[in-house]
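>>> Predicted model and sequence below, questions to follow.
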Amino acid sequence: KLWTWHKPDFSLLDGHVDHTRSEYVRTVDGVGGACRQLAARIGTGQLIWCYTVPDQRIVRPCHTEVEWVLDVPPKSILQLVDDIVWNRILGIRCTLPPKIRHAWRDEALRRFPYDAGARAGFETEQEESFWTQPPSGESWWDVLFVREEAREGVSALVPHPVEAEWIVVDPLRGP
């Protein structure tokens, strides 16, 4: 299962994806260019970006998008994307998964059991080191696509328009 959010006037079943209408593309520096590079790498810009775990998106009262739930066959997924690497490409330091932060906290506690300041400093150093490390390939684009499917921090790119049978919940028509 996959989860995706769109304005109520956007159909997953027909039409054309116009990235210039996306608030994300319009408001976050570099996204438009990165999306064009992404499209060139996967062979299409007609795609839908989906979460691979439920409730991954923080919904705020100001949001006007509606949630679609899809059941997409794995062979129909264009690519799986490491969200942290995507943010690195954009030059954004995003929120890191709790698993990473917990590992740093556990190591800090092991190293500095009686020194809260040293623990905090260690965690800050670990985060800075994380964000300043170079990519394992020539660029972050070389490590953007992953194989792991359903986990926090991995998004699925599916082709637009989607197949009608993939839709589990259509917010405009119901389940």
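Here it is on my side, so go on.
>>> From Ile84, how far off is His160?
Remark: distance between His160 and Ile84 (CB to CB, to the nearest Å) = 24 Å. All C-beta atoms are positioned from the backbone trio N, CA, C, and that covers glycine.
>>> I meant Asp29, not that one.
18 Å.
>>> now swap in His102 and tell me
When His102 is compared with Ile84 (using CB to CB), they lie 16 Å apart.
>>> quick one, which of those two is more surrounded?
Ile84 (21 against 10; other CB atoms under 10 Å).
>>> Can you name the helix or strand that that one falls in?
In the assignment (DSSP states H and E), Ile84 maps to helix 83-90.
>>> Count residues in the vicinity of Ala39, would you?
Look at Ala39: counted by other CB under 10 Å, it has 16 neighbours.
>>> Please confirm that it is located within a helix.
Yes. Ala39 sits within a helix when classified using DSSP: H, G, I helix; E, B strand; the rest coil.
>>> Run through the residues that contact it.
Gly45, Leu47 (CB atoms under 8 Å, 6 or more residues apart in numbering).
>>> how distant is whichever strand or helix holds Ser129 from the center of its chain?
If you go by DSSP H and E, Ser129 is part of helix 116-132. Per CA atoms, centre = their mean, to the nearest Å, the displacement of helix 116-132 from the mean C-alpha position of its chain is 24 Å.
>>> With that, I have no additional questions.
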